[in-house]
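Asks: Build me a model:
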Amino acid sequence: MDINLAHFNTEIGRQKPENIIHKDNACPFCATDELTDIIATDGDIILLKNKYNVIEEADQFVLIEGKNCDIDIPSYSQAHMHRLIAFGMDHWERMRTSGKYETVLFFKNYGPYSGGTIRHPHMQLVGFPSFRQELAFRRSEFDGLVVDERNGVVLSLSTQPRVGFWELNIVPADTHATETIADYIQICVDFLMNAFRRPLTSYNIFFYNEGTDIFIKIMPRFATSPIFIGYNIRLLPSNLSEMRDRIRAKYF
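Replies: Predicted structure coming up:
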């Protein structure tokens, strides 16, 4: 089978809390004194087992980004952003090298089009004991127009997008350059959420690895093109160079 197929437990899924659409619902991540199965902390950054392990073949974990429910990456201090990415990437690497998993997904959902259910800023780590990693991504999806490069880390706009339109790539030659990686992630999210031409409410961040090489993709999320959903045709926008120049002008 040339796909990675996982089973979603709908009984557990029905129990999951949600407060992105229903904003008055309580936030489970704000009640830190009620959290269980905590694995590690760094100040108000918390890694714990996911209480709602809906993917039957995998172990799921949640990384709560901080105590504040109402802000997100663009509003974080640089120091907090650096700690968050260093913490997340460290535990992602620990899981990948633990021997328990064939691959470990590390990603963030934000907003109603992202696939997330909880507004409180958080990331997720999902460990699969059995997984065909070669089907998860292609290195060519990280080719692109270079926006900026420093400390061995390249920020680009994808010329072979994974889904379509304006996908931002971060490719570090040095996986330990976490401060530069964090700075670029913050710039990308701020651009998408606060400086994009059209109002955006949602985005995803995806981390990938191939051996010791890592790749990061930040994707704006809106209603996905039907020709991608139906026929896997990825759309490359005609204004990619213009977007690169706008990011450079605003941040560099």
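Asks: Can you mark which positions in stretch 21-36 are buried?
Replies: Using 16 or more other Cβ atoms under 10 Å as the test for burial, stretch 21-36 gives 28-29. Just so you know, the C-beta spots here come from the backbone N, C-alpha and C atoms, and that holds for glycine as well.
Asks: cool, stretch 151-165 as well?
Replies: 153-158, 161-165.
Asks: next one: stretch 207-218
Replies: Neighbour counts over stretch 207-218 (16+ other Cβ under 10 Å) mark 207-209, 214-218 as buried.
Asks: Work out the gap between stretch 88-96 and the centre of the chain.
Replies: Centroid separation between stretch 88-96 and its chain, computed with Cα atoms, centre = their mean, to the nearest Å, is 14 Å.
Asks: would you put the C-alpha positions of that stretch in CSV?
Replies: This file holds the C-alpha atoms of stretch 88-96, laid out as CSV (Å, rounded to 0.1, in the frame of the first residue of the first chain):
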residue,chain,number,x,y,z
GLY,A,88,10.0,21.2,21.3
MET,A,89,12.9,20.2,19.0
ASP,A,90,14.8,18.7,21.8
HIS,A,91,11.9,16.4,22.8
TRP,A,92,11.1,15.7,19.1
GLU,A,93,14.7,14.5,18.8
ARG,A,94,14.5,12.4,22.0
MET,A,95,11.5,10.6,20.7
ARG,A,96,13.0,10.0,17.3
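Asks: quick one: contacts of it?
Replies: 39-40, 47, 61, 63, 101, 103-104, 106, 123, 125, 127, 175, 178, 181, 207, 209, 214 (Cβ atoms under 8 Å, 6 or more residues apart in numbering).
Asks: Rounded mean pLDDT for it, please.
Replies: Averaged across stretch 88-96, the pLDDT comes to 97.
Asks: again, but for stretch 11-19
Replies: 92.
Asks: do the same with stretch 164-176
Replies: 95.
Asks: Now do that stretch: distance from first to last residue.
Replies: One end of stretch 164-176 to the other measures 29 Å (Cα to Cα, to the nearest Å).
Asks: Could you number the chain from 860 rather than 1 from now on?
Replies: With the count now opening at 860, the last piece we talked about shows up as stretch 1023-1035.
Asks: now the contacts of stretch 947-955: which count as buried?
Replies: Counted by 16+ other Cβ under 10 Å, the contacts of stretch 947-955 give 906, 920, 922, 960, 962-963, 965, 982, 984, 986, 1037, 1040, 1066, 1068, 1073 as buried.
Asks: one step back: for the buried residues of stretch 1010-1024, which one is nearest Asp883?
Replies: Val1022 (32.1 Å; Cβ to Cβ).
Asks: now the closest one: how far from Arg998?
Replies: 16 Å (Cβ to Cβ, to the nearest Å).
Asks: Confirm Gly872 sits in a strand?
Replies: No - counting by DSSP: H, G, I helix; E, B strand; the rest coil, Gly872 is not part of a strand but helix.
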